[in-house]
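# Everything below, folded, please.
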Amino acid sequence: MKIDGATLVLAAIAVIPWLGDLFESIELPGGAKLQYRHLQERVEAVEQQAAEARLAVGDASRQARVALVATSEGTRSPEAGLSVDRLVREYTALRRDEPSGPARTYRQEQIFAELARLTPQLADFDIASALGADDGGTRLAAYARLYALPAEEFLPALVDAACSEALPFNQYWAFHATGSIVDAAGPGNVRLATLQRLRAALPRLPQDSDRAGALRAVIGRLENATG
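Residues are numbered from 1 along each chain as shown. From the prediction side, this is the model:
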């Protein structure tokens, strides 16, 4: 095999990714300078933007599906409370018995959408108690109620529940419920302590998750309001 200048250049380029931590640039024959670390940073930035765009599309799709059910015409009846109880039990059983995957997530979204439609019909729904409940189904019902019918007085309790929520699906919708209240109250009317609490929760989440994306969106609206 003949080794010439072109072969050496190609070999140098091939090892560039492994030299990034040692060198800022390499000068090729003829004076050409390859700024590979800067190139790597630009590639990573583009990949991050693409990942965020995919999350945003998925997020919008999930909210649209929920909104379609939550805003549909339904009969108001005294049995709404029984239906909510049934959905809460079904959600708990679903998480216990079904493996994680797209099918379970889809059914969970259907349950959340039904809760968002039904819980506003319950005049005696105890939001504060539901936010602090031990079972995830009851907490999900509280998030659905506040998502569909924002109540500013529950924002501090909701933020506390959202930041400490152990179930990823629940936490995703808890952050969206937080966003609903923030939008209803006006981002400029939200206390700084709430923003600080949300900021503190962000580093503890997987940064490429839909939960982190939902939380970043809320934080962004609050930060824009505060300048």
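
# taking the mean pLDDT, what do you get for the host helix or strand of residue 83?
In this structure, residue 83 sits in helix 80-97 according to DSSP states H and E. Across helix 80-97, pLDDT averages out at 95.

# Which element is encountered next along the chain beyond that helix?
Once helix 80-97 ends, the next helix or strand along the chain (criterion: DSSP H and E) is helix 102-118.

# average pLDDT for that following helix?
Averaging pLDDT along helix 102-118 gives 94.

# cool, and stretch 215-227?
The pLDDT scores in stretch 215-227 average 91.

# contacts for it?
Stretch 215-227 is contacted by residues 175, 178-179, 182-183, 186-188, 190, 192, 194-195, 198-199, 201-202, 205 when judged by CB atoms under 8 Å, 6 or more residues apart in numbering. Just so you know, the C-beta spots here come from the backbone N, C-alpha and C atoms, and that holds for glycine as well.

# how about 10 Å then?
52, 55-56, 59, 159, 162-163, 171-172, 174-183, 186-192, 194-196, 198-199, 201-202, 205, 207, 209 (CB atoms under 10 Å, 6 or more residues apart in numbering).

# In strands, which of those appear?
Per DSSP state E, strands hold no members of those.

# And these, which of them are buried?
By neighbour count, with 16 or more other CB atoms under 10 Å, the contacts of stretch 215-227 hold 55, 59, 159, 162-163, 171-172, 174-182, 187, 190, 194-195, 198, 201, 205 as buried.
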